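could you look at this predicted model? Sequence included:
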Amino acid sequence: MRIDAYNQIQQVYEAKKVGKADEKKAASSSFRDQLILSSTARDTTVAKQAVANAPDVREDLVSSIKQRIDNGTYEVDVNDFAGKLLEKYSGLF
């Protein structure tokens, strides 16, 4: 085994190592990461915020229906209800 050849190879690899000073120079370069959003992404963000700020329950609609139920004046159209029920049922299969 030739030891002098090993020393020469080690010298080659040592020359390529980056020192701590060189690492700091590379870290302080003028390159920065950027994030550029498309107009679609911005619109989606605005829409998500609008949905998040909207109430889950439409109180005006619910209160009028509750009042009609309490008064006994709320009526359901049987044919309309049956039609919607069949639509839902046929959509499951």
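Received it, and whenever you're ready, just let me know what you need. Numbers count the residues shown, from 1 in each chain.

pLDDT below threshold where in this structure?
1-29, 93 (pLDDT under 70).

one more time with 80, if that's ok
Applying pLDDT under 80 to the chain flags the ranges 1-30, 91-93.

can you show me the strands along it?
Applying DSSP state E to the chain gives no strands.

what segments of it are helices?
3-16, 20-27, 39-53, 59-71, 78-92 (DSSP state H).

OK, contacts around residue 51?
By Cβ atoms under 8 Å, 6 or more residues apart in numbering, no residues touch residue 51. Placement of C-beta: from N, CA and C, glycine included.

so how far is residue 72 from it?
36 Å (Cβ to Cβ, to the nearest Å).

swap in residue 80?
20 Å.

could you do residue 78 as well?
If you go by Cβ to Cβ, the gap between residue 78 and residue 72 works out to 17 Å.

C-alpha coordinates for stretch 36-45, PDB please?
Taking Å, rounded to 0.1, in the frame of the first residue of the first chain, the C-alpha atoms of stretch 36-45 are listed here in PDB:
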ATOM      1  CA  ILE A  36     -45.100  35.200  -6.100                       C
ATOM      2  CA  LEU A  37     -48.800  34.400  -6.000                       C
ATOM      3  CA  SER A  38     -50.900  34.400  -9.100                       C
ATOM      4  CA  SER A  39     -54.100  36.500  -9.300                       C
ATOM      5  CA  THR A  40     -56.100  33.300  -9.000                       C
ATOM      6  CA  ALA A  41     -54.300  32.400  -5.800                       C
ATOM      7  CA  ARG A  42     -55.000  35.900  -4.400                       C
ATOM      8  CA  ASP A  43     -58.700  35.700  -5.400                       C
ATOM      9  CA  THR A  44     -58.900  32.300  -3.700                       C
ATOM     10  CA  THR A  45     -57.400  33.700  -0.600                       C
END
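
buried sites along that stretch?
Within stretch 36-45, no residue is scored as buried using 16 or more other Cβ atoms under 10 Å.

touching it from outside, list them.
By Cβ under 8 Å, 6+ apart, no residue outside stretch 36-45 reaches it.
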